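1. Let me see the structure of the following:
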Amino acid sequence: CLVGSEMCIRDRVVIAGTIGLVSFFYLLSGYSSLRRVDREFDLPYYGLWLEVAATVIGTIAALGVFIAAFGTGDVGLVLSIFGVYVIAGIIGLVGYVLGYIIGPFRLDNRYREGDFKVAGIMYILAIFIGFLVVVGVIFMYLGAKKVLERAGVS
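-> The predicted model follows:
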């Protein structure tokens with residue numbers, strides 16, 4: 001769909017989704033390493049796994065709605081499956097709060113790097129203004145880079 005210098009919406013979604021997935025798995029890997037050193041990072045680590053569980057439950061519910069709506073036409077079944085969406089949404093929100101809000105603030109407490117705190121604030125605001133999640137990701141990477149430089153790792 002690339003035409004000249006303009007990208008269509010599909011291309012933007014694919015690029016954003018790819019960046020989001022890569023960022024998610026780097027964060028999951030980082031929390032996994034940190035929890036071996038400090039048990040305080042168990043909650044953010046498991047929060048990200050709750051997001052994975054919510055995605056799986058939501059996908060299964062979407063398939064169920066599709067099958068129920070177009071296969072049987074049973075309205076009660078469709079409505080009950082929407083209840084599963086609500087449960088998946090709650091699990092996803094809890095996971096988001098643990099992984100993307102509590103996690104950066106714990107990183108700030110441990111490493112005294114203000115970029116983590118800014119990232120946590122951006123993630124809170126992203127609940128209402130979605131694109132701020134990108135700003136949060138940028139600040140997470142900036143904070144991680146500074147901590148790694150101080151530790152002499154990078």
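2. so what's G143 up against?
-> The contact partners of G143, by CB atoms under 8 Å, 6 or more residues apart in numbering, come to P104, L107, D108, Y111, E113, G114, D115, F116, A119. Heads up, the C-betas are built off the backbone N, CA and C, glycines and all.
3. This protein: strands as residue ranges?
-> With DSSP state E as the definition, the chain shows no strands.
4. Identify each buried residue in the longest helix anywhere in it, please.
-> The helix spanning the most residues in the chain, taking DSSP state H as the definition, is helix 9-37. By 16 or more other CB atoms under 10 Å, the buried positions in helix 9-37 come out as S23, F24, L27, L28, G30, Y31, L34, R35.
5. What's the mean pLDDT across it?
-> Averaging pLDDT along helix 9-37 gives 88.
6. can you check stretch 99-118 too?
-> On average, stretch 99-118 scores 95.
7. what about that stretch, how long is it end to end?
-> 15 Å (CA to CA, to the nearest Å).
8. residues in contact with the spatially closest residue to V65 that is not a sequence neighbour?
-> Computed as CB to CB, 6 or more residues apart in numbering, the closest residue to V65 that is not its neighbour in sequence is I81, at 4.9 Å. I81 is in contact with A61, G64, V65, A68, counting by CB under 8 Å, 6+ apart.
9. ditto for G58
-> Under the criterion of CB under 8 Å, 6+ apart, the neighbours of G58 are V84, Y85, A88, G89, G92.
10. and if we set it to 6 Å?
-> By CB atoms under 6 Å, 6 or more residues apart in numbering, the contact list for G58 reads A88.
11. From I101, how far out is it?
-> 20 Å (CB to CB, to the nearest Å).
12. which residues touch I91?
-> Contact analysis of I91 by CB under 6 Å, 6+ apart lists L50, A53, A54.
13. And it, what's its pLDDT?
-> At I91, pLDDT is 96.
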